[in-house]
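Enquirer: predicted model and sequence below, questions to follow.
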Amino acid sequence: MRIVNVVAASSLFLVPAAGQAGDQTPSYTNEDLDRIAPRRSETGATSVPAPSLAAPAPEPKHEPMAHGEAYWRQEASRLDDRLRPLRRRADALRFKIDHPATRPGRPATKRGAHSRAATADPVPALQEQLRELEQEIREREDRLGDRARREGAMPGWLR
């Protein structure tokens, strides 16, 4: 006779063999397993998933890619050429913001008559121009990226 040690039993029909009550791990014999075999379907061991009542989803239609890698690399290069002046302008604005000596305006006079107009801090205006310029650059890059994604281009083709 072969004895099977089971750590956790999922069926309520298994009862440990006689004389094993003091043991912490229940022991089951082949007779125990043969006794519950006719009821094994009650635990879901032989269940089959129900057929789906919903109609199958239609296959997505994949259009052939209109443009290949060379086209998208050229488009990315053209966009980069168009954005180059904007990026230069943004770099110049950053430089003006970071280096006060290069900002336009005259130093304040001792009298104070022109001091208020001459010392008006141009930094907030420069920062606003920089934000608008960076937003324009991002929007143009995003437009190309969105168009490429919709047409099935690989992301690496735009780098």
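Expert: Perfect, thanks for sending it. Nothing here was measured: the structure is a model prediction, and the numbers come from that model. Residues are numbered from 1 along each chain as shown.

Enquirer: any idea which helix or strand comes after the lowest-mean-pLDDT helix or strand in the chain?
Expert: Sorting the helices and strands of the chain by mean pLDDT, DSSP states H and E puts helix 115-118 at the bottom, at a mean of 51. Per DSSP states H and E, helix 115-118 leads on to helix 123-150 as the next helix or strand towards the C-terminus.

Enquirer: what about Asp32, how many residues nearby?
Expert: Residues lying near Asp32 (other C-beta atoms under 10 Å) number 20. Placement of C-beta: from N, CA and C, glycine included.

Enquirer: tell me where the model's unsure across the chain.
Expert: 1-23, 55, 59-65, 102-120 (pLDDT under 70).

Enquirer: which helix runs longest in it?
Expert: Longest helix of the chain, by residue count under DSSP state H: helix 69-98.

Enquirer: touching, Arg94 and Leu130? I think so.
Expert: Yes. With contacts counted by C-beta atoms under 8 Å, Arg94 reaches Leu130, the gap being 6.5 Å.

Enquirer: so for those two, which residue has more residues nearby?
Expert: Leu130 (18 against 14).

Enquirer: which residues sit in contact with Glu42?
Expert: Taking C-beta atoms under 8 Å, 6 or more residues apart in numbering, we find Glu42 in contact with no residue.

Enquirer: got the domain boundaries for the chain?
Expert: The record's domain parsing of the chain by automatic domain parsing lists 3-37, 69-100+122-158.
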